[in-house]
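*Asks:* Predicted model and sequence follow; I will ask about them next.
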Amino acid sequence: MALGELTEGSTRSLLRYRPFRVLVAGQTLTLLGDLALILVLGIWARQLTGSVSAGGAVFFAMIAPTLLAPLLGCIVDRFPRRRVLIVNDLVTAAGLLPLLAVDGRGTVWVIYVVASMYGVSQQIFFAARSALLQTMLRDGDLGPANAVLESLRMGLRTAGPVLGTVLFAKLGGGAVALLDAATFLASAALLSSIHVPDIARRRQTSVVDELGGGIRHILRTPILRRLLLALCAAVAVLGLLQVVGLALVDHGLHRPATFLGVIFAVEGAGAIAGGLAAPALLRRAGEARLAGAGLVVSGLSLGVMTEPSLAPVLLGACTGGAGFSAFLIGYTTLLQRSTATELQGRVFTAAEATAGVPYTAMLGLAVLVIGLVDYRVMLTAGMLVLAAAGAYLARGGRPARHRILVLSSSSGSRTSPPSGT
């Protein structure tokens, strides 16, 4: 069924649109494979070296490519996004195969190389997917589409790591790598089967202009400046929580570290609920207010979790998951609808790269002070930061009326102003 024949802004109608269903199917496979492998890489390095820090270094290797984000954004904006996603899937599948050669401590370096490659792949994937959605869907469909994909991601956060660790225990890391490579090949095949509006290959311009295009657009757009500041505050608190979670379980609940899995599962359930509710809330409040309200809810949830007993902690995890899911959906939709098509990749990667700085800084600070500061003080600080950032973002209201240019080699061009502004 053609997109124009479906009700705009309806999740049910959107799922009747074949290209979107195919995209979701491909993303389901790759997300499952991603989540299965990412945790396994850390466990594998830890097993081979006997060092916890060696396992943790795998995750830093994945984060490091954030420094390349502006360059990767230029790649996303220079070529048709569907083609970028297909090539990215194929290259990633091939890049996972060296893991089959890992057989002892002397080859652990392969894991770090693959982890870095994976970080590059992830940067390209999320930027290109966001940009492709903006060209293949109508403005009113972006919120429901982002809600579907975010709910899917959160739903797989539990299944993926379980699948990966079980397969690793039974058959080893090579089997997990082959599974993940197969999901990327399947995704590439699915993407090849759809034909949707996309940008034509763009002519090369000044490298300096291209690299700075994303951050310049954000700084010149008032609502996006607010969004970026709120995002930086949110990810700083996330960096804090990476460390505080262990203290909460150990000192607050007096349970083993593995109980974090239960908290993550409850958080995931809340995130799915938040994702399902987001489209209706977007229509009522707009992207900025939804994202801001999501941060406020997440902040208040941290306040609830300062009570060291099971019920408040699980309640806080559930509502916090719902709030942060709403923030991410509002954030992504606002970026898409406030940015011209030819800038989508660079704006997305510029925001991600900028947010990586406070995340890494706060993660390092939390590691240094967690033994000196009560975890409840840190949760309270996180609550205040999120609530303030959410209120600041929500005050920005809806984005100003502007035009989004969608270029397509097959369908010409169209202009589409955001609805409801």
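*Replies:* Structure's in. What do you need?
*Asks:* Can you pull out the low-pLDDT segments for the stretch 151-300 of the chain?
*Replies:* Residues of the stretch 151-300 of the chain that meet the criterion pLDDT under 70 lie in 197-209, 257-258.
*Asks:* cutoff 90 now
*Replies:* Applying pLDDT under 90 to the stretch 151-300 of the chain flags residues 151-170, 194-216, 238-269, 276, 280, 282-285.
*Asks:* go on, the stretch 1-150 of the chain?
*Replies:* Along the stretch 1-150 of the chain, segments meeting pLDDT under 90 span 1-19, 27, 30-81, 103-106, 119, 122-123, 126-127, 130-131, 133-144, 150.
*Asks:* ok, now with 80
*Replies:* Scanning the stretch 1-150 of the chain for pLDDT under 80 picks out 1-9, 51-57, 59-60, 64, 66-70.
*Asks:* Am I right that Pro358 is in contact with Ala234?
*Replies:* No. With contact defined as Cβ atoms under 8 Å, Pro358 does not count as touching Ala234 (9.1 Å). (Each C-beta comes from the backbone N, C-alpha and C, glycine too.)
*Asks:* center of this protein, which residue is that?
*Replies:* Central residue of the chain (Cα atoms, centre = their mean): Phe126, 6.9 Å from the mean position.
*Asks:* Skipping its backbone neighbours, what lies nearest that one in space?
*Replies:* Phe348 (7.0 Å; Cβ to Cβ, 6 or more residues apart in numbering).
*Asks:* Can you tell me the SS state at Thr7?
*Replies:* coil (DSSP: H, G, I helix; E, B strand; the rest coil).
*Asks:* How much space separates the spatially closest residue to Pro161 that is not a sequence neighbour from Phe126?
*Replies:* For Pro161, ignoring the flanking residues on the chain, the nearest one in space by Cβ to Cβ, 6+ apart is Leu39 at 4.6 Å. The gap separating Leu39 from Phe126 is 19 Å, by Cβ to Cβ, to the nearest Å.
*Asks:* Likewise for Glu287?
*Replies:* 18 Å.
*Asks:* again with Gln344
*Replies:* Taking Cβ to Cβ as the measure, Gln344 falls 11 Å from Phe126.
*Asks:* Domain-wise, how is the chain divided?
*Replies:* 3-197, 209-394 (automatic domain parsing).
*Asks:* right, and the helix or strand after the helix or strand harbouring Ala277?
*Replies:* Assigned by DSSP states H and E, Ala277 belongs to helix 260-285. Where DSSP H and E defines the elements, the next helix or strand beyond helix 260-285 is helix 287-304.
*Asks:* State the next helix or strand along the chain beyond that following helix.
*Replies:* Counting by DSSP H and E, what follows helix 287-304 is helix 310-337.
*Asks:* so how far is that following helix from its chain's centroid?
*Replies:* 12 Å (Cα atoms, centre = their mean, to the nearest Å).
*Asks:* now the helix or strand hosting Leu246 against helix 287-304, angle please.
*Replies:* Using DSSP H and E, Leu246 falls within helix 222-247. If you take axes from the mean of the first three to the mean of the last three Cα atoms, to 10 degrees, helix 222-247 sits at 20 degrees to helix 287-304.
*Asks:* ok, which stretches of the chain are strands?
*Replies:* Ranges of strands in the chain, per DSSP state E, are 404-408, 412-416.
*Asks:* worst average pLDDT in those?
*Replies:* Lowest mean pLDDT within the strands of the chain: strand 412-416, at a mean of 36.
*Asks:* any idea which residue of this structure is furthest from its center?
*Replies:* Gly106 (33.1 Å).
*Asks:* how close does that one sit to Leu48?
*Replies:* Taken as Cβ to Cβ, the span from Gly106 to Leu48 is 9 Å.
*Asks:* List the buried residues in stretch 107-116.
*Replies:* Val108, Ile111, Tyr112, Val114, Ala115, Ser116 (16 or more other Cβ atoms under 10 Å).
*Asks:* ok, back up a step: verify the contact between the residue nearest to Phe126 and Ser338 for me.
*Replies:* No. Assessed by Cβ under 8 Å, Phe348 is found out of contact with Ser338, at 11.5 Å.
*Asks:* So for those two, which sits in the more crowded spot?
*Replies:* Phe348 (28 against 22; other Cβ atoms under 10 Å).
*Asks:* Surely Thr7 is in contact with Ser13?
*Replies:* Yes. Thr7 is within contact range of Ser13, at 4.3 Å (criterion: Cβ under 8 Å).
*Asks:* the more surrounded of these two?
*Replies:* Per other Cβ under 10 Å, whichever of Thr7 and Ser13 has more neighbours is Ser13, with 16 against 12.
*Asks:* Tell me how far that one lies from Trp109.
*Replies:* 50 Å.
*Asks:* list the contacts for Leu31?
*Replies:* Residues in contact with Leu31, defined by Cβ atoms under 8 Å, 6 or more residues apart in numbering, are Leu152, Arg153, Leu156, Gly160.
*Asks:* Among these, which are located in helices?
*Replies:* Using DSSP state H, Leu152, Arg153, Leu156, Gly160 are the members of the contacts of Leu31 that sit in helices.
*Asks:* Excluding chain neighbours, what is closest to the third one?
*Replies:* In this case it means Leu156. Nearest-residue entry for Leu156: Leu31, 5.0 Å, with adjacent residues in sequence omitted and distances by Cβ to Cβ, 6+ apart.
*Asks:* just the last one next, same as before
*Replies:* Residue nearest to Gly160 in three dimensions, not counting chain neighbours: Leu35, with 2.5 Å by Cβ to Cβ, 6+ apart.
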